[in-house]
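Novice: just need the structure, nothing else, for what follows:
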Amino acid sequence: MINHANFWTSISRVIEEGFTADGLQQLDKYAELFISERLVYKRFSPLEQYGCAAGGTTHVIATLLAGAEIDADSFAPEISDFKRMCQRGEAQALRIEQWAKAVGVWIDDIDDSLSHVLGEHIAEGGEAMVYDHGATLIKSIGLDYFVEPALALDRISLHNAYFPETLLTVLGFGRDAEGDFKIVVEQPFIKGSPMSDEEIATYMQRMGFELRNSRNWTYATPEIYLSDMHDENVIRSENGNVFVIDCDIRINTPELNCGGTRQLTTEVVLR
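Specialist: Residues are numbered from 1 along each chain as shown. The predicted model follows:
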């Protein structure tokens, strides 16, 4: 019988053994259980777990690998919280990299590779390079806002849960010329026009979000923190529908100082 403790022990063993064929098969089995909701990841609400599954099997397995805490005891207690976060982030990135190489979803020198395959990028934001792929966009997303892959992968799960019309599907991972870890996603291309801050505020209020900081377009509920909701990231289509194409969305913990009540957890339940 699989329980919380031996589930994570099993994940740790797969990592430590170097992603053997048996280990990869085990991860695929866990992803199947996750997607069918027989494995419940308490980090997420049911809607958010569905959002994680909607990002694809690659996204689900990377999320579980990032959740493993096998490196936690190796961090010196005297280092700063941010340095500890950076070390934790690099440990997560390395194990995802090893797995991605084993299953063929790793891209070396990622931005150069994508520009050769897809052509010149069409946009660049604070954390992403965006490439035209016809009916979809390909984005190479960095960890600038999140530091830890676990939090960046949470962002994709939450986006898919709350804004499924602009679903993010994880295609793979890589590093750029500077060695920075990247997540490659695909998203539908939506043609539309920018919305005003007032229109966005009305839309968010209808979704139950409260405006918390107008200077950085931050909204929140006790469960979800949502920022960067400005006119370049929220558009209205030709038929009047609203689409959120990009945002900084997180599980709203008290540490974000935005009225959050949730705690990050790696608890799992098998049904």
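Novice: helices along the stretch 51-200 of the chain, start to end?
Specialist: Counting by DSSP state H, counting those that start in this stretch, one finds helices in the stretch 51-200 of the chain at the ranges 57-67, 81-103, 110-118, 149-162, 197-206.
Novice: mean pLDDT lowest where, among those helices?
Specialist: Comparing mean pLDDT over those, the weakest stretch is helix 110-118, at a mean of 84.
Novice: run through who's touching that one.
Specialist: The contact list for helix 110-118 (Cβ atoms under 8 Å, 6 or more residues apart in numbering) reads 107, 121, 129, 131-133, 138, 140, 174-177, 182, 184. Just so you know, the C-beta spots here come from the backbone N, C-alpha and C atoms, and that holds for glycine as well.
Novice: which of those sit farthest apart?
Specialist: For the contacts of helix 110-118, the farthest-apart pair by Cβ to Cβ is 132 and 175; their separation is 22.6 Å.
Novice: put the alpha carbons of the lowest-mean-pLDDT helix or strand in the chain into PDB.
Specialist: Sorting the helices and strands of the chain by mean pLDDT, DSSP states H and E puts strand 121-124 at the bottom, at a mean of 72. The C-alpha trace of strand 121-124 is given here as PDB (Å, rounded to 0.1, in the frame of the first residue of the first chain):
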ATOM      1  CA  HIS A 121      11.300  35.600 -31.100                       C
ATOM      2  CA  ILE A 122       8.400  38.000 -31.300                       C
ATOM      3  CA  ALA A 123       8.300  39.300 -27.700                       C
ATOM      4  CA  GLU A 124      10.400  39.300 -24.600                       C
END
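Novice: how about it: buried residues?
Specialist: For strand 121-124, the neighbour count (16 or more other Cβ atoms under 10 Å) marks residue 121 as buried.
Novice: now do stretch 14-32
Specialist: Applying 16+ other Cβ under 10 Å to stretch 14-32 flags 14-15, 19, 23, 26-27, 30-31 as buried.
Novice: same question for stretch 136-150.
Specialist: 137-143, 146-150.
Novice: quick one: the closest residue to residue 187 other than its chain neighbours from residue 130, how far?
Specialist: In this structure, residue 187 finds its nearest non-sequential neighbour in residue 137, 5.0 Å apart by Cβ to Cβ, 6 or more residues apart in numbering. According to Cβ to Cβ, to the nearest Å, residue 137 stands 6 Å off from residue 130.
Novice: with adjacent residues omitted, what lies nearest to residue 110?
Specialist: Counting by Cβ to Cβ, 6+ apart, the residue nearest residue 110 is residue 174, at 3.3 Å.
Novice: and for the one you found, the neighbour number?
Specialist: 21 (other Cβ atoms under 10 Å).
Novice: tell me the contacts of it?
Specialist: Residue 174 neighbours (Cβ under 8 Å, 6+ apart): 106-110, 113, 140, 181-182, 184.
Novice: great, nothing more from me.
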